[in-house]
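would you be able to build a 3D model of this:
(one chain, ligands or ions: 2)
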Amino acid sequence: MITHNTEHATATRSNPKQAPSEFTLNGKPTPFSPGQSILEAAINNGTYIPHLCFNPKVTAHGSCRLCIVNVNGRTLSACTTPAEPGLKVDSNTDTLQQQRLRITQMLFTEGNHYCPTCEWSGNCQLQAVAYDLGMTNNHYPMQYPKRTLDTSHPHILLDQDRCIHCGLCERAGRELDNKHLFSLSGRGIHSYLTITSDDGSLKTSTIDAKDNAAHICPVGALLLKDDAYHTPIGQRLYDTDAISVIGNCRPEDQS
Ligand code: SF4
Ligand code: FES
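Residues are numbered from 1 along each chain as shown. Ligands and ions are numbered 1, 2, ... in the order given. Here you go, the predicted structure:
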């Protein structure tokens, strides 16, 4: 059961005049509002489906594939599949969990994630999902891609080693901040987050520490410098609660 998950409140877009429709999620009748995705309906009803590239503040993208569910026998991403009356959805089968584990292991091996030295350890959704899926090894060989670190901005840093190319910062910039701050290019190990600025650095981009884009990263890639080690390791978000219990919310969203 999700307790203090801000995704819940944000994902609810119900029309009080309209009787809720229902679909079946893991054998349970699940009401939804018109326009909601399966993932939004699941969150609103307290069912956790692992996800990384979804945030209710921006348009769903469907790229990380962590939120895969079985919908009437087909495997689809829950964040981009509209909820419809009568759908039979399973989100928690052994096969789906195994597929999610492999996707997560791939994310770890395609980047350079050193959790013990990462400032975002304990708040990181990738780390939390890995724990929740019971990940104990990488399964795939490490790729050790050569990536860059941009510390040029006075208040924000971008560590590409940890970027999982979820595109949330790009969408938050475009949809919420009305700025073209980032774009994604390449595929797989060659994926790269490009900064929109004259010289390709954060310093000459138009990003501001108050921008939604600067606060939405689910991992320790795009970080606020001034906030570092605000909460000690051991007392952070997922140090105390599993992501399957509290969902994907930022520390500042916690009540
Ligand atoms: S910097 Fe963060 S939010 Fe942006 S694409 Fe990378 S992981 Fe996603
Ligand atoms: S959260 Fe649905 S594909 Fe990433």
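
residues in the chain within reach of ligand 2, list them.
Residues of the chain that fall close to ligand 2, judged by Cβ under 6 Å from any ligand atom: His51, Leu52, Cys53, Phe54, Gly62, Ser63, Cys64, Arg65, Leu66, Cys67, Ser77, Cys79. (Each C-beta comes from the backbone N, C-alpha and C, glycine too.)

pretty sure the first one is in contact with Ile68, am I right?
Right, His51. No - in this structure His51 lies outside contact range of Ile68 using Cβ atoms under 8 Å: 9.7 Å.

show me where pLDDT drops low in the stretch 101-250 of the chain?
Along the stretch 101-250 of the chain, the model assigns pLDDT under 70 to residues 250.

closest point of it to ligand 2, which residue?
In the stretch 101-250 of the chain, no residue comes nearer to ligand 2 than Cys166, which is 7.0 Å away by Cβ to the nearest ligand atom.

could you pull out the buried residues of stretch 95-102?
Of all the residues in stretch 95-102, those buried under the rule 16 or more other Cβ atoms under 10 Å are Leu96, Arg100, Leu101.

in what helix or strand does the last one lie?
I take that to be Leu101. Taking DSSP states H and E as the criterion, Leu101 maps to helix 94-110.

distance between that helix and the chain's centre?
Helix 94-110 sits 15 Å away from the centroid of its parent chain (Cα atoms, centre = their mean, to the nearest Å).

just list what it packs against, helices and strands only.
With contacts taken as 3 or more Cβ pairs under 8 Å, 6 or more residues apart in numbering; DSSP states H and E, helix 94-110 sits against strand 68-71, helix 125-132.

so of the ones you listed, which one's packed in deepest?
helix 125-132 (a mean of 23; mean count of other Cβ atoms under 10 Å).

coming back round to it: can you tell me the SS state at the residue of the stretch 101-250 of the chain closest to ligand 2?
Secondary structure state of Cys166, per DSSP: H, G, I helix; E, B strand; the rest coil, is coil.

the residue nearest to Cys115 when sequence neighbours are not counted - how many residues pack around it?
Nearest non-adjacent residue to Cys115, counting by Cβ to Cβ, 6 or more residues apart in numbering: Ser121, 5.0 Å away. Ser121: 18 surrounding residues under other Cβ atoms under 10 Å.

which residues does Ser121 contact?
Counting by Cβ atoms under 8 Å, 6 or more residues apart in numbering, Ser121 touches Cys115, Gln127, Gly220, Ile233, Arg236.

for ChimeraX, what selects the buried ones among these?
Only the buried members of the contacts of Ser121 enter the following ChimeraX selection, criterion being 16+ other Cβ under 10 Å:
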select :127,220,236
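
and the helices in the chain?
Assigned by DSSP state H, the helices in the chain fall at 6-11, 38-44, 94-110, 125-132, 168-175, 237-240, 243-246.
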